[in-house]
Each structure stands twice: as structure tokens, then as C-alpha cells.
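In: Based on what follows, work out the 3D shape:
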Amino acid sequence: MKRSVWKWSALAIIPIIAAVGLSQGQDDFEAVRKRMTAAKPEIQRKHSELLMRRYDMSNRADKGVTMSRGKPVQVGPRAKLYDGMTWDKLAAMSPDDIKAKDLFPKGYYPLPHPNHPEGGMLFPKFHIDEILKQEKRDLTRFDLDFDLPDHFLPEFPPPMFLTTRPDLGDVSKGKLVTIDNFHELFKDIMNPKQLEGLRLLLTPMAQQQFNATDDRRTDRPSRGVTCFDCHVNGHTNAATHLVGDIRPQEHRHRIDVPTLRGVNVQHIFGSQRAMKSIEDFTEFEQRAAYFDGDPVAAQKKGVTILERGSQVHFMAEVQNIMDFPPAPKLNVLGKLDPKKASEQEIRGQTLFNGKALCSACHPAPYYTDNSMHNLRTERFYNEVTIHGRKASADGPIKTFSLRGIKDSPPYLHDGRLLTLEDTVEFFNLILETRLSETEKQDLVAFLKCL
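Out: Next comes the predicted model:
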């Protein structure tokens, strides 16, 4: 990758913003739809070119490791290096030198939304197609399509595990759980309160881009989105959005939807982790996050005010019984069973708890410290605007659980890391641990056991 292609600037997106027309207060719906539909191909072309410059987007799968239902796991670091650079050479440099010479991999910069000035919820096509088939509800946006290829995303539909019935394994029975089938699937394994909570998690509710007003991004008035449109089967489909609690727009983080598996062991929620219970987060999502933190827009577009003592509680109870996938090589303390693990996996665990510094934030058994940490990635690059996203200081980010991590690509809070190898290379740079190539391979082998 040649450095000359990386001349990013806010000026590059000004024509796009003008074409889309972000100030649409005086335009009727048909005029807005026509203008944004016409602008879509150019917006998507520019974003696609960005991804191709940043990453190796090819489909290269691990021949021996799959996700829980059998989807291949992608292998290899996919962030591109500059010509003549290697990962070992880069890791041997100081943050100041990497910054001064502009050598930080562009794939490790913050990842912008496919149209960052516009933002909004955006779903993979496989999910759109299945919801349309089952519910006749269309999650297609006329202005934008999802950006990452399917082979970098979680398997669909993902299996669903319950802490209350671990004996059953995948309680979704290989199906996408929707309002059409949930009662049949769960009437004998959930109590009435939990069934009502699940119904609410599967009920469409108005959202900023998906609603019945003229200010929407769907051809027809929309019934809205459901909690499980992003957290599919209590897991994730890698749908994306922008955080609602940061301004101005260029500083808002892209969201890679986190899994709800194991949410019962987590203590902080929301993009700034200001909420201390899953009940708080569930209520906040409907009142604010669905509408980009704008309560006035929420009222106009049809916000659903959930009743805290029953509805929010019922929804939270269901979320709190979403379990991690089985990890047969781990013992009851969340460590590798030496009788089941390979020598490479054992070496990886030793590195995880030692030289690689992973366990400082991700201790067993759940591999999270329930805290936030500021990685200060801005040490490695100069501030720059990338297609409307200002790459500067990210600030503190949550320590997500690593249990079941191979089922949850892409990685980091905005999905900028496409593979586990990318994740190891990224943290090898950020934490300055200088792992050897063999050590990095051992560490990845351990992560795939979690």
C-alpha cells in the first residue's frame, strides 16, 4: 500500500453532503428520497474504495476452526501495511516514530459509518431478506447499504443459549427468532413474564430512520426496528449505527453491535458506560438511543415509552439469561483443561496471562474486568478526517467479554479489526508487547478456545 493514496480530508466529502442535502426541513419526502437515492452510488463507491485501501477483503477461512454453528472463521491480519513494512518492523518502533513517519496501519484508524455525515441504523442484507420473508417488514434503506462482506460477519442466524436451560443447547433450533415463531419456540422453556419480555424485544418500535413520518430512510412508512434486529437471537449480526451521546457528528463513534451473550455478568452499559443496569440500558435505548439522543425527534416519530416496573423488567430478565456458547476446552474456572487443550493453546494462555498483558483487562472466568480503559491510540497518528469521521482521541472504551469471541467478528467497539489476528496485531502495537510471530499465533489459538 502506497502512502500517496492516504490523503484524507473533510473536503473529499463536501460534494457528497451537498448532494444528499442534510438540511431537508423544506423538502418533501419524494424530493429527499430522489436526491438521496441519486447520491447513493457515489457515496458507496467512495466508502468501498476506502475499505479496499485499508483491508485485504478476500475470503480466507480457517480450515480447522468454525463458529458455533459451523461458519468458517476468517484468518490473517487484514489491515494493509505500507510498502516495505512488516508487522515485526512496525512493532519494534516507538509510538512517536510511527506517528512521525505516518506508518500506523490505516485499517487501525477509527472506522467511519458507510455515510458518516448521515449515520443511522444499517443492517446486513441477509438479515433484511429474512425479516422481509417472515414478517413482511422491510429494513432496506433507500440511501445506503451495509458495507462489510458477509464472510467477516457473525454466522446467521446464530445459535441462542440460555443460562436457565444449558441442557438444551441451541434453543433457537437453527431459526431466526422473530415475532412469528417465538411463542412456538419458547412457550415450554420460558415463564409468562419472560415470554412477554421476549415479545417486546421482537416488537417493531419507531426509530430515527425507520418510522412512519416523512423524515425516514425507507420507501414506505415503517413499523420500526426491534431490539433483536441488531442483537439477533440474543447475539449480534454486526449491524452498525452511530453512538447517540457524542457531538458534533464527526466525533461520533461507529457502533459494532455487541453480543448480549453473558450480559448478566456485565456491570456497565451504553456507549459511555453511564448506565449501571441492563434495565437502565433497555429504557435508554427506546427513549434516546433509537433517536440519536434527540427526545424532541423521538416524540415526533413515535417513541415507545416503556413501563419501567413491568415491561422494562421483563425485557431485562430475558437479556440476562442469554448465555455464552459452550467452550469445551475450558474448566469451571474458565481456564484451559490441560487434558483437552493443545500445547499451542496452552502457550497462548500463558502469553494471555503474562507477556501479552491481555488478562490485565480480560481476566478469567468471563474475560472482562467490567471497567473502561483509554487505549490512547492517538499516540500513533495525527488527527485526520476520514470520510466525515474525525480520527482523534477515542477516549475510554468498555472491556467487553472475550468468551465466545470467535463468534463475534468484527472487533473493537467500531468493528475496525476484521479478524482475531488483526486484534492481536493491534494490541501488540498499542500495548508495545513486541510479541514474536509464533507468540501471536499461539495467542490467537487460545482466543479461539474461549
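
In: Find me the pLDDT at residue 12, would you?
Out: What the model reports as pLDDT for residue 12 is 41.

In: I meant to write residue 26 there.
Out: 56.

In: try residue 274
Out: Residue 274 is given a pLDDT of 78.

In: now swap in residue 3 and tell me
Out: On the pLDDT scale, residue 3 gets 50.

In: again, but for residue 271
Out: At residue 271, pLDDT is 72.

In: and if you look at residue 8?
Out: pLDDT at residue 8 comes out at 43.

In: for residue 130, helix, strand, or coil?
Out: helix (DSSP: H, G, I helix; E, B strand; the rest coil).

In: Shouldn't residue 440 be within a helix?
Out: Yes - assigned with three-state DSSP, residue 440 falls within a helix.

In: List the contacts of it.
Out: Residues near residue 440 by CB atoms under 8 Å, 6 or more residues apart in numbering: 421, 424-425, 428. The way it works is simple: take the backbone N, C-alpha and C, and place the C-beta from them, glycine included.

In: What about the nearest residue to residue 431 once chain neighbours are set aside, how many residues nearby?
Out: Closest residue to residue 431 apart from its sequence neighbours, by CB to CB, 6 or more residues apart in numbering: residue 357 at 5.2 Å. By other CB atoms under 10 Å, the residues close to residue 357 number 17.

In: quick one, helices of the stretch 301-450 of the chain?
Out: 313-319, 343-352, 420-430, 437-447 (DSSP state H, counting those that start in this stretch).

In: would you turn these into JSON lines with distance to residue 231 and mean pLDDT?
Out: Below are the helices of the stretch 301-450 of the chain laid out as JSON lines (distance: least, CB to CB, whole Å; pLDDT from 0 to 100):
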{"stretch": "helix 313-319", "distance to residue 231": "8", "mean pLDDT": "98"}
{"stretch": "helix 343-352", "distance to residue 231": "27", "mean pLDDT": "98"}
{"stretch": "helix 420-430", "distance to residue 231": "21", "mean pLDDT": "98"}
{"stretch": "helix 437-447", "distance to residue 231": "22", "mean pLDDT": "98"}
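
In: So which of those helices is nearest residue 60?
Out: For these, the distance to residue 60 is smallest for helix 420-430, at 10.4 Å, taking CB to CB.

In: Export that closest one to CSV, keeping only CA atoms.
Out: Coordinates of each C-alpha in helix 420-430 appear next as CSV, following Å, rounded to 0.1, in the frame of the first residue of the first chain:
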residue,chain,number,x,y,z
LEU,A,420,-8.6,-12.1,15.7
GLU,A,421,-5.2,-11.8,14.1
ASP,A,422,-5.9,-8.1,13.5
THR,A,423,-6.9,-7.8,17.1
VAL,A,424,-3.6,-9.4,18.3
GLU,A,425,-1.5,-7.2,15.9
PHE,A,426,-3.4,-4.1,17.0
PHE,A,427,-2.9,-4.7,20.7
ASN,A,428,0.7,-5.8,20.2
LEU,A,429,1.3,-2.2,18.8
ILE,A,430,-0.9,-0.4,21.3
